[in-house]
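In: Dropping the sequence and predicted coords here.
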Amino acid sequence: MFSHTTKGQPYNMELLSRFLGSQENLSLPRLIDYELLVGEDGKRTVGFGWFAGVAGVLESLSALAHAHLELGVASPFLHTPRPHTHPSIPSLRSALRTIGQNIVENGTPKALGPFVIGLTGSGKVTQGCLSILKELPIVNVAAKDLPGLVSNPDTDLHKIYLVHALPEDYLSRAGGGQYSRDDYYKNPAMYYSEFDTKVAPYLTLFLNGVGWLPSFPRLMTNDQLATALTRAAEVGRARFGTIGDISCDVEGGLEFLPRASTLSDPFFKHRPSSLPSHLPSVTIMSVDILPSSLPLDASQHFCGVLMPYLRALIEEYRGRPGSREHLEALNVATVAQNGELQGKHRGLAVPVEKWQASRAAEVASKAGVAETSLRKKRVLMLGSGMVAGPAVQEICKRSDVEIIVASNVRPETEALARKYPNAKAVYLDVHAVEEMARLIQEANVVISLLPVPFHPAVAELCIQHRKHLVTASYISPAMRALHERAQSADVLLLNEIGLDPGIDHCSALSLLAQLKGDNKRVISFTSFCGGLPAPDCADVPLGYKFSWSPRGVLNAALNGARFKLNGEEMEISGENLLQEYFPDIPISNVLKLEGLANRDSLPYAETYGLGKLENLQTVLRGTLRYPGFSYLMHAFKVIGLLDTETSIQLRDWRDFARMSMEKRTGEQIGGDRRSFLSALSTVMTVERAESALSALDWLGLTPENVACNTLPEISPKPQAPIELFTSVLAHKLRYNHGERDMVVLSHEVVAQPSVSSRDSATEVHTSRLVAYGNSEASAMARCVGLPVAFAALEVLYGGVQMRGVHGPTDRSLYGAVLDGLQGAGLEMKESVSKGPGMERVLAEGLRASGVAL
C-alpha cells in the first residue's frame, strides 16, 4: 500500500502500529510500501506520478483562470475541464486542445502580457505535465530569456510560453561554483536556490513537480516568496500569482505551502505571516490525491506495473522461485514484517512509541484519569549552553517524556524551557551536591552538558542512584576508572555522543560494518571533522568563529597527537601541534581546508575493529580549519596568549599581548606599537609577525589600539592569559545575527577484497556530512545536541543493553542515532571510487611543515 508512514508521519503511526508486535509475531501482516519499489536505476516503478502531472496541470489552469477572474480578466482557461468531469484522458486532451486553438485564433488577454508557464522537475510528475501541455500552442523558452520575453511589447500573445526550469537554471553553489548533479547529491548543503529571482517573477503559472528532502535546499523559502512577489510586481500584472504544487510537500520545497487541498476544494489563497502587507496573497492548488480524479486511466496503469511484483510475491508464498529482481525490490520496500520494523525503518520505533504514549494518555483521560497523573519518563539535563536547544526540542517531541533543564544561568534556562509544555527549568549550582543528587535520583536518564571536569562527579552520583548518564565528551581517565563500578550498579555511562566525538564514531562504525559485510579488508582509515563559519562569514582572524566553548578550542590546540600515516607511526607533542599540521585536506573541490591531528588516533584501530595496527597503512583522525588558522594560533601561543600556568593583572586590553609576551620571554617590551612589532619579529619571521600584529589589532589587543573599548570588562583578579584570551575571542569572534556556521565531517576508508591478491585494485570509500546552521540553531548545536538526544531516548526506552563506561560502539545505539539524524536532515553521504586515498597528499604536506617522515 501507499502507507504514508516511512517519514514518521504522526497521522499514520496508528496504522503502522497495527503491523507491529511487542515481539516477533509471524501472524502479523507484512507492510510493503509502493513508494519504495524501485528499479535498478533507483527510480520508482509503481506509482501514479504521470497521472498526478496530467491532473495537476488541469486543476492548476482552472485555479489560474479563477484568480484572473478576480482581477477582472476573463482567461481562455476558464473553460479548462476538471479531470473528474471527463471519462478519460483522451477526452480531456480534446477539450484542452480546443482551448489551445482558441488561443491561436484570439490570443491571451493583453492585460496579462505574455502567458508564461514555469515547470520544475524531471520525473514522472513532470512528464505527465509536459504530455498534457502539448495540447496547447507551446513555445519552449530558456530561463535566461524570460526577462526579454515578458518585457518585449511585440511578444506573440497567440502562444503559451513554457520554461522547463532544471536545477542548473536556478541552483548555485556557495562560493560562486556552478551546479553539478553529482556534487549536488553529495553536498546538497553547499547549494542554494535562486528560483525567486531567476524564474519566479516572470511566470503567469508555476507548476512544481520536484520533490524535496530536509537535507536539500528549498526551492523557495518564505523570505524568497516575498522577493519573488516584489520583483513580479515590477515585471507586470498577475505575475507569480498562482502556483500548482503537484509534488505537495507541505512546508517543504515551497516553505510557504501550509497544507494539502482537496478535490472538492482544490485551490485556496494563502499568505505566510512573514509576507509584507503590501504584497498580494498567492493562489495555491495542492491536491494530494490528484490521480484519484483520473480513476480509469490511473488504475489500468497501476495494475499493469504492480502485477509482476504481485506474481513474484505469490510464487514466493507458494514456495516456488519467483523473479529474483522483483523479490529483492519487495524486500527493500518492506517496512514491517513478522511484527518488527525492517532495515532502515527501525528508526520509526520512536514516532510509533510517541503515538502509543499519546494514545494511552487519551484513553486514561476518557476513563476519568487526568493525563497529568500518568508517570512520564524523566530526563535531567545538566547545563543549558550553546548545544542544549536542539536536544531539548527533540526530547520534547515525546509526549511521554518530561525534561528538567538545570543550570546556574537562570534566564537562559527559563528561555529554553518555556517553549515546551513538557520542559521545566531549575536553578542549580553544580557545587550544590545534595540538590544535584536529588535531581539525579528523580530522573530516569541524565544528560550532562557541563564542562568536562564536572562529568566524573556527576557520574559518581549516577552510579550511587543507579541512573544512566549521557555526555558528548571524550572518555577521560577519571571517567574510565568508573567502568567496573558502573557495571556492578547496572548503569550505563555513555560518552562521546556529540559530533566529534559522536557522529564521527557512529558513521565510521556504520561504514566499516558495511565493508566487513562485503568481505572487504581495511588498509587505511582517515577522518577529519570541523566546525567552521560558513564561507561567507569567515573573513575574520583565524577564519574561525565560536559556536561552542572558546576554551575548548584553545585547549584542543595544546593537546599532543599520535597517529599512523602512510605506514609510519607519528607523535606530535602539544608544544608542536600548531606547527606540524596538514596544509591541504583534499576532501572538497570548493573548500580549501587545513587540518590538525586530533589526540591519539592509534587506539581507534581496536575501537573501530580495523585490524592489527601493523597491517594498516594509516589511522588518522583530525580537525578541520580554514588555511592560516594553525600558523596564526601558533603565533598567539608563542607570545603567551595560551599560557595556563602564569597569571597577569590586566587593567587595559591594549596591554594584554605585550604583558603576556613579557611573561613568556622574561623580557620587558616598550609600550608602543613599534616596540611590540620588533619583539614579535624576534620570535617569528617578519612576515608572520606583521600578520599576527594585524590580527591582534583587529582583536583590540595591541598598544595604541583604538578599538579596545568594544571589548568585555576586565576582571579585577589576576588571570591566566588563556582565560583572558578566551574572553576576548568569545566576544570578538561570536556569530552575529544572520550569520551561520558550518560542520564538515569526512571519513575516508581505503579497502581491498579480503581474499584477493596484494596488487588488487583498492577502493576508496567516503562518508561525508556538510551541515549549515539556520535561523533556529547553529549547525554545531544540532550536530552535538541531536545525537545526545537520540542516544538519551534510546537509553530511556531500553534500547541499549551496554553497561559501564562506553562510547557509541553498539550497533543498536549508533544505528538509532544515524536513523534519527537522517530524519533531521543530517544524513551522511557515501560514495566509492577506485585508486589511492589521500595519505600521500597528507604525508607530503606534513613533511613540508617540518616533520620528517
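Out: Thanks, I have it.

In: Which residues does the helix or strand harbouring F206 contact?
Out: Per DSSP states H and E, F206 falls inside strand 205-208. Residues outside strand 205-208 that contact it (C-beta atoms under 8 Å, 6 or more residues apart in numbering) are 56-57, 60-61, 64, 116-121, 129, 200, 219, 240, 242-247, 253-254. No exception for glycine: its C-beta is placed from N, CA and C like everyone else's.

In: Which of those fall in strands?
Out: Under the assignment DSSP state E, the contacts of strand 205-208 contribute V116, I117, G118, L119, T120, T242, I243, G244, D245 to strands.

In: I figured the first one was touching H164, is that so?
Out: No - counting by C-beta atoms under 8 Å, V116 does not reach H164; the two are 11.7 Å apart.

In: who's more crowded, those two?
Out: More crowded of V116 and H164, by other C-beta atoms under 10 Å: V116, with 25 against 21.

In: Which residues lie in contact with the residue lying closest to the more buried one once chain neighbours are set aside in this structure?
Out: When the adjacent residues along the chain are set aside, V116 lies closest to Y161, with 4.6 Å between them (C-beta to C-beta, 6 or more residues apart in numbering). Neighbouring residues of Y161 by C-beta under 8 Å, 6+ apart: P114, F115, V116, I117, I138, V139, N140, V141, L149.

In: please redo it, this time with the cut-off set to 7 Å
Out: When contacts are counted by C-beta atoms under 7 Å, 6 or more residues apart in numbering, Y161 touches P114, F115, V116, V139, V141, L149.

In: A PyMOL selection for these, restricted to the buried ones, would help me check which they are.
Out: What follows is the PyMOL syntax selecting those of the contacts of Y161 that are buried according to 16 or more other C-beta atoms under 10 Å:
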select buried, resi 114+115+116+141+149
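
In: Pass me the low-pLDDT residue ranges in the stretch 101-250 of the chain, would you?
Out: Judged against pLDDT under 70, the stretch 101-250 of the chain has no low-scoring part.

In: what are the ranges of the strands in it?
Out: Remark: strands assigned in the stretch 101-250 of the chain by DSSP state E, counting those that start in this stretch are 115-120, 138-140, 160-165, 171-173, 191-193, 205-208, 242-245.

In: which one of these is the most hemmed in?
Out: strand 205-208 (a mean of 29; mean count of other C-beta atoms under 10 Å).

In: what packs against the helix or strand harbouring S812?
Out: Using DSSP H and E, S812 maps to helix 811-823. Judged by 3 or more C-beta pairs under 7 Å, 6 or more residues apart in numbering; DSSP states H and E, the packing partners of helix 811-823 are helix 503-517, helix 779-796.

In: mind checking which of those helices is nearest E645?
Out: Judged by C-beta to C-beta, the one of the helices and strands packed on helix 811-823 that comes nearest to E645 is helix 779-796, at 29.6 Å.

In: Check which helices and strands the closest one sits against.
Out: Secondary elements touching helix 779-796 (3+ C-beta pairs under 7 Å, 6+ apart): strand 377-382, helix 388-395, strand 445-448, strand 468-471, strand 492-494, strand 741-753, strand 763-772, helix 811-823.

In: What average pLDDT does the last one get?
Out: To tie it back to what came earlier, the one meant is helix 811-823. Averaging pLDDT along helix 811-823 gives 89.

In: quick one: which of the ones in strands among the contacts of strand 205-208 is nearest to S384?
Out: D245 (39.3 Å).

In: was I right about that closest one contacting D288?
Out: No - counting by C-beta atoms under 7 Å, D245 sits too far from D288 to count as a contact (9.5 Å).

In: So what would you say the end-to-end distance of stretch 128-142 is?
Out: End-to-end distance for stretch 128-142: 20 Å, by C-alpha to C-alpha, to the nearest Å.

In: Report the distance from it to the chain centre.
Out: With C-alpha atoms, centre = their mean, to the nearest Å as the basis, stretch 128-142 stands 37 Å off its chain's centre.

In: Name the residues that touch that stretch?
Out: For stretch 128-142, contacts defined as C-beta under 7 Å, 6+ apart pick out 49-54, 56-58, 93, 96-97, 100, 103-104, 119, 149, 158-164, 207, 209.

In: if you set the cut-off to 8 Å instead, what comes out?
Out: Contacts for stretch 128-142 (C-beta under 8 Å, 6+ apart): 49-54, 56-58, 89, 92-93, 96-97, 99-100, 103-104, 116-117, 119, 149, 158-164, 169, 207, 209, 246.

In: What of stretch 32-42?
Out: Here stretch 32-42 has contacts from 1-3, 5-6, 44-47, 306, 309, 325, 329-330, 332-335, using C-beta under 8 Å, 6+ apart.

In: I'd like to know which of these are buried.
Out: Neighbour-count burial (16+ other C-beta under 10 Å) applied to those gives 3, 5-6, 44-47, 309, 329-330, 333-335.

In: and which of those is nearest to F563?
Out: The nearest member of those to F563, counting by C-beta to C-beta, is T6 at 40.7 Å.

In: Settle this for me: that closest one is touching L348, isn't it.
Out: Yes - here T6 reaches L348: they are 7.4 Å apart, a contact under C-beta under 8 Å.

In: residues shared between the contacts of those two?
Out: By C-beta under 8 Å, 6+ apart, the residues touching both T6 and L348 are V335.

In: Distance-wise, check the residue lying closest to P29 once chain neighbours are set aside relative to D400.
Out: Closest residue in space to P29, ignoring its immediate chain neighbours: F19 at 6.1 Å, by C-beta to C-beta, 6+ apart. Computed with C-beta to C-beta, to the nearest Å, the distance linking F19 and D400 is 21 Å.
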